[in-house]
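**Student:** Pasting the sequence and the predicted coordinates here, then a few questions.
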Amino acid sequence: MIYTITFNPALDYIVKMDDFNPGCVNRTKSEDVYAGGKGINVSIVLRNLGIDNIALGYIAGFTGEEIERRVREAGCSTDFIKLENGMSRINVKVKAGVESEINGRGPEISKDALNELYKKLDNLKEGDILVLAGSIPSTLPEDIYERIMEYIQAKGVKSIVDTTGKLLLNVLKYKPFMIKPNHHELAELFGVDLNGMDDIVTYAKKLREMGAENVIISMAGDGAVLVDSDGNVEISDVPKGEVKNSVGAGDSLVAGFICGYLKTGNLKDGFKMGVATGSASAFSEGLATEEKVMELLEQIK
């Protein structure tokens, strides 16, 4: 089974308007509401691709209930922990020429609630996949990803980590199955400027040397790079299309990689499927569908 964890899910309220004028009443042209959070995005795209999974994490209040309803409506199984106090956050994304965001803080996660999550992790077994994605709420220990990786280390679970900075560097000693920084995050990890593909491959290899089994570096419209567990390097372009949505493309790449890898056991197939799935979300108003992914897959070289 595949499990995703989203510590601080949200309702994403997306509004479009011609102009945004601070201090005035603004009228929207259109608006949408989605269940948001990197782990939730991975779960929904996996389900769109026909892969069963269970979404873990924390929800609170009426917004939490709506998040769970929408995730289940997308066909995913959920096993969220319901917090007694507070409410799951609402993130407002205003698209008016440029895009602006107001992200909520989210509810407090107590020590008892954190212990509940560990009890759920006890159900994981050898061959399962656990996806840890996104930032850590301020109410949790900064090393929570490390603690989780250490907790499941003896179980034979494949872990996939999609986060940034020290959160990512500090889990490498637990040998995650796959990590996926983008090229900007890669440069920040090592405090360097990346001048071309050779530099990107060099530093991706360093992450593998530091413990990651497989490393994918996403580069938006410039494609992606895979350094696999045998040290092989694959460089992919991306299909052509109009970018309509930047939200969830990286999460979709993770979901596509899992799907492609599970179907054939081949890392290269997972990489190719990941690039197609990330592109499918970027070229859509919402998250990738299987139909859109299959349409793009043959264009990947």
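**Tutor:** Sure, I can see it.
**Student:** The residue nearest to F190 when sequence neighbours are not counted in helix, strand or coil?
**Tutor:** The shortest distance from F190 to any non-neighbouring residue, by CB to CB, 6 or more residues apart in numbering, is to Y203 (5.5 Å). For every residue, glycine as well, the C-beta is placed using N, CA and C. Classification of Y203 by DSSP: H, G, I helix; E, B strand; the rest coil places it in helix.
**Student:** Please verify my assumption that Y203 contacts V192.
**Tutor:** Yes - here Y203 reaches V192: they are 7.1 Å apart, a contact under CB atoms under 8 Å.
**Student:** who's more crowded, those two?
**Tutor:** Comparing Y203 with V192 by other CB atoms under 10 Å, the one with more neighbours is Y203, at 20 against 12.
**Student:** OK, contacts around that one?
**Tutor:** Y203 sits next to 186-187, 189-190, 192, 194 when contact means CB atoms under 8 Å, 6 or more residues apart in numbering.
**Student:** Over to D143?
**Tutor:** By CB under 8 Å, 6+ apart, the contact set of D143 is N170.
**Student:** One more pass at 6 Å, please.
**Tutor:** Listed by CB atoms under 6 Å, 6 or more residues apart in numbering, D143 has no contact partners.
**Student:** Which parts of the stretch 101-250 of the chain are helices?
**Tutor:** Secondary structure of the stretch 101-250 of the chain (DSSP state H, counting those that start in this stretch): helices at 111-121, 144-152, 165-169, 183-190, 197-209, 249-264.
**Student:** Now the phi/psi pair for S246, please.
**Tutor:** Dihedral pair for S246: phi -100, psi -10, per degrees, to the nearest 10.
**Student:** pLDDT score for it?
**Tutor:** Among the per-residue scores, S246 holds a pLDDT of 73.
**Student:** what's the closest non-adjacent residue to it?
**Tutor:** Excluding the flanking residues, the one nearest S246 by CB to CB, 6+ apart is A282, at 6.9 Å.
**Student:** from what I can see the one you found touches G241, true?
**Tutor:** No - between A282 and G241 there is no contact under CB atoms under 6 Å: 7.3 Å.
**Student:** quick one: which of those two has more around it?
**Tutor:** Neighbour totals were compared for A282 and G241, and A282 leads with 24 against 16 (other CB under 10 Å).
**Student:** what's the burial count for the spatially closest residue to L194 that is not a sequence neighbour?
**Tutor:** Nearest non-adjacent residue to L194, counting by CB to CB, 6+ apart: A187, 4.9 Å away. Using other CB under 10 Å, A187 is surrounded by 16 other residues.
**Student:** Ok, the one 3 residues further on next?
**Tutor:** Using other CB under 10 Å as the criterion, F190 is surrounded by 14 other residues.
**Student:** quick one: it from L168, how far?
**Tutor:** 12 Å (CB to CB, to the nearest Å).
**Student:** Okay, buried residues for stretch 220-230 please.
**Tutor:** For stretch 220-230, a neighbour-count test (16 or more other CB atoms under 10 Å) marks 220, 223-228 as buried.
**Student:** What ranges does this protein have for its strands?
**Tutor:** For the chain, the strands defined by DSSP state E cover 2-6, 10-16, 30-36, 54-60, 77-78, 81-83, 89-96, 98-102, 129-133, 158-162, 178-179, 214-218, 224-227, 233-236.
**Student:** Return the fourth one as CSV; C-alpha atoms alone will do.
**Tutor:** So the one you mean is strand 54-60. The C-alpha coordinates for strand 54-60 follow below in CSV (Å, rounded to 0.1, in the frame of the first residue of the first chain):
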residue,chain,number,x,y,z
ILE,A,54,-4.3,6.0,1.9
ALA,A,55,-4.0,9.7,2.9
LEU,A,56,-2.7,10.3,6.4
GLY,A,57,-2.4,13.6,8.3
TYR,A,58,-4.3,16.0,10.5
ILE,A,59,-7.6,17.8,10.0
ALA,A,60,-9.7,20.1,12.3
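**Student:** chain center to it, what's the gap?
**Tutor:** Relative to its parent chain, strand 54-60 has a centroid offset of 14 Å by CA atoms, centre = their mean, to the nearest Å.
**Student:** Could you check how many residues crowd around F7?
**Tutor:** If you count neighbours by other CB under 10 Å, F7 ends up with 24.
**Student:** Would you point out the helix or strand in this structure whose mean pLDDT is lowest?
**Tutor:** None of the helices or strands of the chain scores lower by mean pLDDT, DSSP states H and E than strand 98-102, at a mean of 87.
**Student:** Return the distance of it from the chain's centre.
**Tutor:** Averaging C-alpha positions (CA atoms, centre = their mean) puts strand 98-102 20 Å from its chain's average.
**Student:** tell me what it is packed against?
**Tutor:** If contacts are counted by 3 or more CB pairs under 6 Å, 6 or more residues apart in numbering; DSSP states H and E, strand 98-102 sits against strand 89-96.
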